[in-house]
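Enquirer: okay, sequence plus prediction incoming.
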Amino acid sequence: MKRIAIALILSVLAVGLKAQYNAVRIETQGTGNPIILLPGFTCPASVWDSTIVNIKGNYRYIKVTYAGFDGVPAVDMPWYPKLTADIAQYITDNQLTNVTIIGHSMGGNLAIDLAAILGDRITKLVLVDAIPCMRELMMPGVPASALQYDSPYNNQMLQMPAEGFKQLAGGMASNMTNRTDKVGLLTAWILASDRKTYVYGFTDLLKLDLRNTLKSVSTKTLVVGASFPTTEQAKGVF
């Protein structure tokens, strides 16, 4: 009976811990100062594996996958704030300090928010192709208030047949890389996403504006931008 009671207690604790971070899945490896790796939209944590191989030194790698992607159960909207809250809570709960965050695209947005929230706990940021307000580039002059979950475009995306969505995903993947051998992988990641998260989550990102948040971030930061399609165009965007 004693063994059964202990097993039940451990089971309850495990369930509680899982529920605590239900907007993200977190995988860790290695020991040392923590490096949190935040992927871009639809990407799983495994996208960072080749990066980890090339980082020299001993670190604790904390890889994050977001709800709705790579088999992680979806969460209710709004989506983006839940990711921020869960990752910040994880850092606080585990008393992490001297944290480096490497974030790609929306992962860079999360990194900025986390640095603003957690202050001195975050000592370095590496932002890869991360823009603080995507909407201003894609829809200049359109206010965040004009973007809603319930819109004709979003409804069309939600109702799109699987074959049509597959073609759309392939086209989007082709625009995300100059490596033709990676297009299939990126397409598969998009198709593996929860459709509602894909549609409404992107609305969250379009509404996001971190330009004022940047003013409260004093963390040492490296900004990395891909020279795609050309170096001159990339510099103009940044």
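Expert: Received it, and whenever you're ready, just let me know what you need. Please read these numbers as outputs of a predicted model, since none were measured by experiment. Numbers count the residues shown, from 1 in each chain.

Enquirer: check what pLDDT G141 gets.
Expert: With respect to pLDDT, G141 scores 91.

Enquirer: same deal with V12?
Expert: 38.

Enquirer: shouldn't V126 be within a helix?
Expert: No: using DSSP: H, G, I helix; E, B strand; the rest coil, the assignment for V126 is strand, not a helix.

Enquirer: contact partners of stretch 214-234?
Expert: 112, 115-116, 122-130, 132, 178, 235, 237-238 (Cβ atoms under 8 Å, 6 or more residues apart in numbering). C-betas here are computed from N, CA, C, even on glycine.

Enquirer: let me fix that, I meant to ask about stretch 133-141.
Expert: Identification of contacts with stretch 133-141 by Cβ under 8 Å, 6+ apart yields I131, V142, A144, L147, L205, L206, K207, L208, D209, L210, R211, V237.

Enquirer: may I see the buried residues of that stretch?
Expert: Across stretch 133-141, burial judged by 16 or more other Cβ atoms under 10 Å covers C133, M134, R135.

Enquirer: and the helices in the chain?
Expert: 2-20, 49-54, 80-93, 106-118, 134-138, 152-159, 162-174, 183-191, 195-207, 231-237 (DSSP state H).

Enquirer: OK, contacts around M106?
Expert: Counting by Cβ under 8 Å, 6+ apart, M106 has contacts L38, G40, F41, Y80, A130, L205.

Enquirer: most surrounded residue in those?
Expert: L38 (30 neighbours; other Cβ atoms under 10 Å).

Enquirer: surely that one and A111 touch.
Expert: Yes: between L38 and A111 a contact is recorded at 6.0 Å, counting by Cβ atoms under 8 Å.

Enquirer: what touches both of the two?
Expert: Common neighbours of L38 and A111 (Cβ under 8 Å, 6+ apart) are I101, I102, G103.

Enquirer: mean confidence for stretch 101-115?
Expert: 97.

Enquirer: C-alpha coordinates for it, CSV please?
Expert: The C-alpha trace of stretch 101-115 is given here as CSV (Å, rounded to 0.1, in the frame of the first residue of the first chain):
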residue,chain,number,x,y,z
ILE,A,101,18.4,33.2,-25.2
ILE,A,102,18.8,32.5,-28.9
GLY,A,103,15.5,33.2,-30.7
HIS,A,104,14.7,32.9,-34.4
SER,A,105,11.9,35.1,-35.9
MET,A,106,9.0,34.9,-33.4
GLY,A,107,11.4,33.2,-31.0
GLY,A,108,13.4,36.5,-31.1
ASN,A,109,10.2,38.4,-30.2
LEU,A,110,9.7,36.1,-27.2
ALA,A,111,13.4,36.6,-26.2
ILE,A,112,12.8,40.4,-26.2
ASP,A,113,9.7,40.1,-24.0
LEU,A,114,11.5,37.7,-21.6
ALA,A,115,14.4,40.1,-21.3
